[in-house]
Structures are given as C-alpha cells and as structure tokens.
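>>> coordinates only, sequence not included:
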C-alpha cells in the first residue's frame, strides 16, 4: 500500500515538473517537442491515477481486514468465541444453579461450540448479580 502511495506521489511530482517545463517553453520550440512533453505529461498523470487507485483499493482491503479482526477481537474478549477453534461462537445450551453457590444466585452455564467440525463444550461459572466480586 505504501509503495502505491509513493509511486503515485512520484508520478504526480513528475507531472508537476512537466507542467513547469511546458509553461517555460519558448514559442520558438517546434511543435514536435511540445507534443512530446504533452505525451510525457499524460503518461505521468495516468501513472498517478493508477497508483493512487491501487492505493485506494489496498486501503479499503486493509480497512475490511481491520474491521474483521476487530469483530473477532470483540467476540474473543467477550467470551463468545470458541477457545478451541477460534472461529465460531459458543452457544449456551442450559443454565443451572451452581452446585455450591446456587443459593447465592451463582449459575453454571453449559456451552457448546456451534462449528460443525468442532465438538468443544465447557461449563462456565456465571455470576449475574456480582456476588463473587464482593470481597
């Protein structure tokens, strides 16, 4: 991506230099030299457009990948993604009172990975009213 931006800026700089040369051309210069400079300018501007278009596509691709990674990170840190396959969410199959602390409102969640190729399941302690945090 950086190389496309650098290429685009270099081509834009070249085009700017050619415009300066065209402005300074004396009227005595033949038409062939003038047309050659115009052709060089057109080529430099086309190179600029291509390089900057490629940079735009690369940035959009990176933005998409970044959004996908951010979504995966949010899911992983929220405890929703399977810790084994890291690709599918965990589904709560049932919630029951915890065998020792159920009287205090603590629950035990039985979770299963939703990916067909992953058979991971686990139990997690769930404290909806914050009993365990009060120490």
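Yep, that arrived. Computed from a predicted model, the values in this text were never measured in an experiment.
>>> use CA for all of it now, contacts and neighbours both
OK.
>>> state the mean pLDDT of the longest helix along the chain.
When secondary structure is assigned using DSSP state H, the longest helix within the chain turns out to be helix 31-77. Confidence over helix 31-77 (mean pLDDT, whole number) is 83.
>>> show residues contacting the helix or strand just after that helix.
Scanning forward in sequence from helix 31-77 by DSSP states H and E, the next helix or strand is strand 90-97. With contact meaning Cα atoms under 8 Å, 6 or more residues apart in numbering, strand 90-97 is reached by 80-82, 103, 105-114.
>>> start to end distance for stretch 84-92?
Using Cα to Cα, to the nearest Å, the end-to-end distance of stretch 84-92 comes to 16 Å.
>>> returning to what we had before: of the contacts of strand 90-97, keep whichever come out buried.
Those of those that meet the buried threshold are 80, 81, 82, 106, 107, 108, 109, 110, 111, 112, 113, 114, by 16 or more other Cα atoms under 10 Å.
>>> could I get these as CSV with distance to residue 10 and secondary structure?
Formatted as CSV, the buried ones among the contacts of strand 90-97 follow (distance: Cα to Cα, whole Å; DSSP: H, G, I helix; E, B strand; the rest coil):
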residue, distance to residue 10, secondary structure
80, 47, coil
81, 45, strand
82, 47, coil
106, 64, coil
107, 63, strand
108, 62, strand
109, 59, strand
110, 60, strand
111, 56, strand
112, 55, strand
113, 51, strand
114, 51, coil
